[in-house]
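Undergrad: Any chance you could fold what I've pasted below:
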Amino acid sequence: MNKEKVCALASEIEQKVIEFRHDFHAHPELSWKEEETSKKIESVLRELGYENIRRGFGGTGSGVTADLTGKEDGPMIALRADIDALPLKEAVDDPWKSTCDGVMHACGHDAHAAILLGVANVLASLKNELPGRVRLIFQPAEESGVRSGAKQLREEGVLDGVDGICGLHVWSTLEAGKVGFRSGAMMASADIWEIEVKGRGGHGSRPHEAIDPTIAAATIITTAQTVVSREIDPLETVVLSVGKVESGSAPNIIPETAYIQGNVRTTNPEIRASMGDRIRRIAEGIASALRCEVKVDFIPVYPVTVNDEAMVNILKGVTGKIMGEEALEELPIVMGSEDFSFYQEEVPGVMFFLGMGDSEKGTEAQHHNPKFRTNDEVLVNGVALLSSFACHFLETFKK
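TA: Model (predicted):
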């Protein structure tokens, strides 16, 4: 596919993409509530002539998928954008600021949706040149955690017939004009562990007549850290954090129960699979030693985001042609998580970062920050990159 043609088509649609982004930003919707956003997306895709359009997943009206069939039978590439916002009050006073108090696009998903609509326009113009098929996935609920949108859409068959998948994430901590990539593990898994410790309540002055669950909980908290420091190869990447502790109601009462909730992240799927048993072993051993009962729950949330090497090579080739080799930046592993990983468990995929950080434009604020602001100047690059990636994938793997 001629890169000049793709770039020209992306440039033609640039202002429209920015308008899409501003509209989505002004009207944010939380996970599994993105119905108006989805209706707007569906309307654009119907006007462009996309096929097999479906709106509504997980028993809601949220999320849209649509297909485009090229000039001949061939592979299918899926392109994904997440579309949900966050429960956060915006602190940026742009003309397109959120009109929904306490909800804002603070992670760039408005940009992702707008970029993919731009891609939809470009690929529709190239339909008669495509040696295969394209599926666009406008995914709800990336921020939903346990009720992940990607997991739900995968269960509802959005990967049926798909041979590969690509997605991007605008990235405020990466300089504008850069494309961040990594082969293999790119982002960490994210899982939740919960422990309920049961003892026997009593008066604080007579601890010998009670069984103190708080002491057991505290011992579990400190000992659990030895999983990382003494059981796992120090060359591996693992983070075990405690985020919530509840115990007691007054200073002179030994409570009946204590509750701990934490998070564990790693970039090794095998270690991830072992963490529940490791935490459970420690909790049960300590509880038994301190005469308590314990209940341990390990709740899988997001798998490790693992980029396929062949897909990364396509990305690197496309980026070199579109933006120049100097735009490519190999990144260290990111300990944040992405439910894009659910798709990668089924088909080869690549997630990459589109740098947008620019202190002069005020687009360097961290993601999930009320001062987060998207750099509109990088959107056209996102359109060109995803469009070119789709074309090159189909040409590379055509039957």
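
Undergrad: so Val312 is in which element?
TA: Assigned by DSSP states H and E, Val312 belongs to helix 309-323.

Undergrad: Outside of that helix itself, list whatever touches it.
TA: The contact list for helix 309-323, computed with Cβ atoms under 8 Å, 6 or more residues apart in numbering, reads 3, 6-7, 164, 166, 177, 179, 181-184, 325, 327-328, 348-350, 352, 381, 384-385, 388-389, 392-393, 396. Quick note: C-beta positions are derived from backbone N, CA and C, even for glycine.

Undergrad: Distance of Arg55 relative to Arg21?
TA: 20 Å (Cβ to Cβ, to the nearest Å).

Undergrad: Ignore what I typed, I meant Gly56.
TA: Plainly put, Gly56 is 23 Å away from Arg21 if you go by Cβ to Cβ.

Undergrad: neighbour count winner among these two?
TA: Neighbour count, other Cβ atoms under 10 Å: between Gly56 and Arg21, Arg21 has more, with 24 against 15.

Undergrad: Select the longest helix from this protein.
TA: The longest helix of the chain (DSSP state H) is helix 3-26.

Undergrad: Give me the packing partners of that one, helices and strands only.
TA: The contact analysis (3 or more Cβ pairs under 8 Å, 6 or more residues apart in numbering; DSSP states H and E) places helix 3-26 against helix 35-47, helix 109-125, helix 309-323, helix 379-397.

Undergrad: domain ranges for this protein?
TA: According to automatic domain parsing, the chain comprises the domains 3-188+304-397, 190-302.

Undergrad: check contacts around the residue nearest to Leu159 when sequence neighbours are not counted.
TA: Once flanking residues are discounted, Leu159 sits nearest to Glu346: 5.1 Å by Cβ to Cβ, 6 or more residues apart in numbering. By Cβ under 8 Å, 6+ apart, the residues touching Glu346 are 154, 159, 162.

Undergrad: measure the first one to Ser62 for me?
TA: The reference is to Arg154. From Arg154 across to Ser62, the span is 15 Å (Cβ to Cβ).

Undergrad: now do the second one
TA: To Ser62, Leu159 is 18 Å away according to Cβ to Cβ.

Undergrad: ok, these two, which is more surrounded?
TA: Set side by side, Leu159 and Ser62 show more neighbours around Ser62, with 28 against 22, by other Cβ under 10 Å.

Undergrad: In the chain, where is pLDDT below threshold?
TA: Flagging of the chain using pLDDT under 70 yields the residue ranges 1, 399.

Undergrad: ok, back up a step: and among the domains of the chain, the most buried is which?
TA: Mean neighbour count (mean count of other Cβ atoms under 10 Å) peaks for domain 3-188+304-397 among the domains of the chain, with a mean of 20.
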